[in-house]
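**Student:** quick one, structure for this:
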Amino acid sequence: MREISNQSQAFTLVELLVVIAIIAILASLLLPTLSKAKAAAHRSVCSGNVRQQLLGVRLFTDDNGHFPLLRNSRQALGSRLWFDEVEPYLGQDWPSAVADARNSAFACPGYTRVQGFYVRHQAYTPEIRDRLGNPVPTTVQFEASMGAYSYNGSGVGPTQESETEGRNLGLRGDWPEANRRDGQYRPVRESQVRAPSNMITLGDASLGYITGLTFSIISDPDRGHVSGRIAFGVNYRHNSERLFFESLEIDPEAPLAIAKALSGTKRRHQTMQTMGFADGHAESKPIPAFNDLRQESIRKRWNLDNEPHWEF
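**Tutor:** Have a look, this model is predicted:
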């Protein structure tokens with residue numbers, strides 16, 4: 001019987017390179033699909049979180065006759081925020097760090113993936129400088145809370161009561177003349193929301209970018225983080241932000257910190273955003289579908305009276 005040589009059973013270098021090339025091609029075809037599937041899974045978890053938070057808002061409103069306040073006073077320290085009111089109904093706390101964010105209804109895997117920063121009621125002393133840039137000693141403290149989700153505090157209007165005569169378009173609550181002495185807000189009653197199915201309550205936070213040089217609770221000044229604000233601020237968007245929320249384009253002339261924040265917002269759910277409404281339903285749509293304030297129908301969704309309020 002004729003023997004088969006070992007040489008005839010071995011791969012040639014060309015054959016090995018062909019196999020490697022085929023594997024590389026298959027990987028290049030599969031990786032985008034796997035990435036999209038992972039992002040969709042993260043978005044699904046996030047949508048479930050938003051619905052849980054909405055349920056907490058609903059239960060709080062049933063018990064108290066009004067929506068949770070954005071914050072219950074203007075004190076720099078010790079205020080209760082909207083998530084403090086929702087926590088007991090969910091049996092979970094707002095994360096105080098990334099390590100606390102796993103399996104929390106207040107934590108979004110997409111936000112964590114883009115290095116989102118979590119802080120819960122942490123006091124800090126801001127870095128204050130004079131006109132020449134020299135540090136100014138201060139003992140004044142403020143309190144910070146940041147994370148994956150925001151509350152619709154002011155609708156499309158500004159937050160200063162001097163500009164709105166104390167009234168408010170979102171769920172922050174009014175600050176009427178009668179309550180100025182104790183600094184307490186007057187909460188929004190359920191009957192004040194004209195179209196609950198068309199009123200944004202809370203959802204995926206718009207992101208900012210913070211470093212140790214501008215925010216002293218981050219110990220490493222060379223390492224920045226994206227951070228979600230506890231309330232939406234659609235009224236104060238500057239030109240770079242306005243461009244992004246209308247078109248998803250990032251202005252090449254935007255400062256680095258702003259560009260990083262907008263990029264994180266875009267990558268969090270691959271240009272999608274989840275918003276929850278006052279009737280308890282949630283929607284996931286492209287970011288401009290909730291934020292292009294040139295559209296009257298979108299402006300209405302931010303305001304409790306379901307009007308566009310072009311004066312702001």
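
**Student:** enumerate every residue touching the spatially most central residue of the chain.
**Tutor:** Nearest to the geometric centre of the chain sits A205, at 1.3 Å (Cα atoms, centre = their mean). Going by Cβ atoms under 8 Å, 6 or more residues apart in numbering, A205 touches 111, 147-150, 228-230, 232. C-beta here means a position set from N, CA and C on the backbone, and glycine is covered the same way.

**Student:** where does this structure have low pLDDT?
**Tutor:** Within the chain, the stretches with pLDDT under 70 are 1-11, 27-43, 160-166, 176-183, 212-223.

**Student:** quick one, helices of it?
**Tutor:** Along the chain, the segments classed as helices by DSSP state H run 6-9, 13-64, 82-90, 109-113, 161-164, 239-247, 256-268, 288-291, 296-301.

**Student:** turn these into a markdown table, columns for mean neighbour count and distance to I200.
**Tutor:** As requested, the helices of the chain are arranged in a markdown table below (neighbours: other Cβ atoms under 10 Å; distance: least, Cβ to Cβ, whole Å):
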| stretch | mean neighbour count | distance to I200 |
| --- | --- | --- |
| helix 6-9 | 7 | 67 |
| helix 13-64 | 14 | 11 |
| helix 82-90 | 20 | 13 |
| helix 109-113 | 21 | 18 |
| helix 161-164 | 13 | 18 |
| helix 239-247 | 17 | 14 |
| helix 256-268 | 20 | 16 |
| helix 288-291 | 20 | 7 |
| helix 296-301 | 17 | 5 |
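
**Student:** E127: which of these is closest?
**Tutor:** With distances scored as Cβ to Cβ, the stretch of those nearest to E127 is helix 256-268 (15.2 Å).

**Student:** for the closest one, packing partners?
**Tutor:** Counting by 3 or more Cβ pairs under 8 Å, 6 or more residues apart in numbering; DSSP states H and E, the packing neighbours recorded for helix 256-268 are helix 109-113, strand 207-210, strand 225-228, helix 239-247.

**Student:** neighbouring contacts of that helix?
**Tutor:** By Cβ under 8 Å, 6+ apart, helix 256-268 touches 108, 110-111, 113-116, 204, 206-209, 211, 224, 226, 238, 240-241, 244, 248, 250-251, 254, 287.

**Student:** which among those count as buried?
**Tutor:** 108, 110-111, 114, 116, 204, 206-209, 224, 226, 240-241, 244, 250-251, 254, 287 (16 or more other Cβ atoms under 10 Å).

**Student:** between the helices of the chain, which one is closest to H121.
**Tutor:** For H121, the closest of these is helix 82-90, at 8.4 Å, according to Cβ to Cβ.

**Student:** run through the neighbouring helices and strands of that closest one.
**Tutor:** Other elements packing on helix 82-90 under the criterion 3+ Cβ pairs under 8 Å, 6+ apart are helix 13-64, strand 149-151.

**Student:** show me what the last one is in contact with.
**Tutor:** If you take Cβ under 8 Å, 6+ apart as the criterion, strand 149-151 is touched by 49-50, 53, 68, 70, 82-83, 106, 108, 171, 201-206, 228-232.

**Student:** how far does that strand sit from its chain's centre?
**Tutor:** Distance of strand 149-151 from its chain centroid, counting by Cα atoms, centre = their mean, to the nearest Å, is 6 Å.

**Student:** buried residues in it?
**Tutor:** Neighbour-count burial for strand 149-151 flags 149-151 (criterion: 16+ other Cβ under 10 Å).

**Student:** thanks again, I'm all set now.
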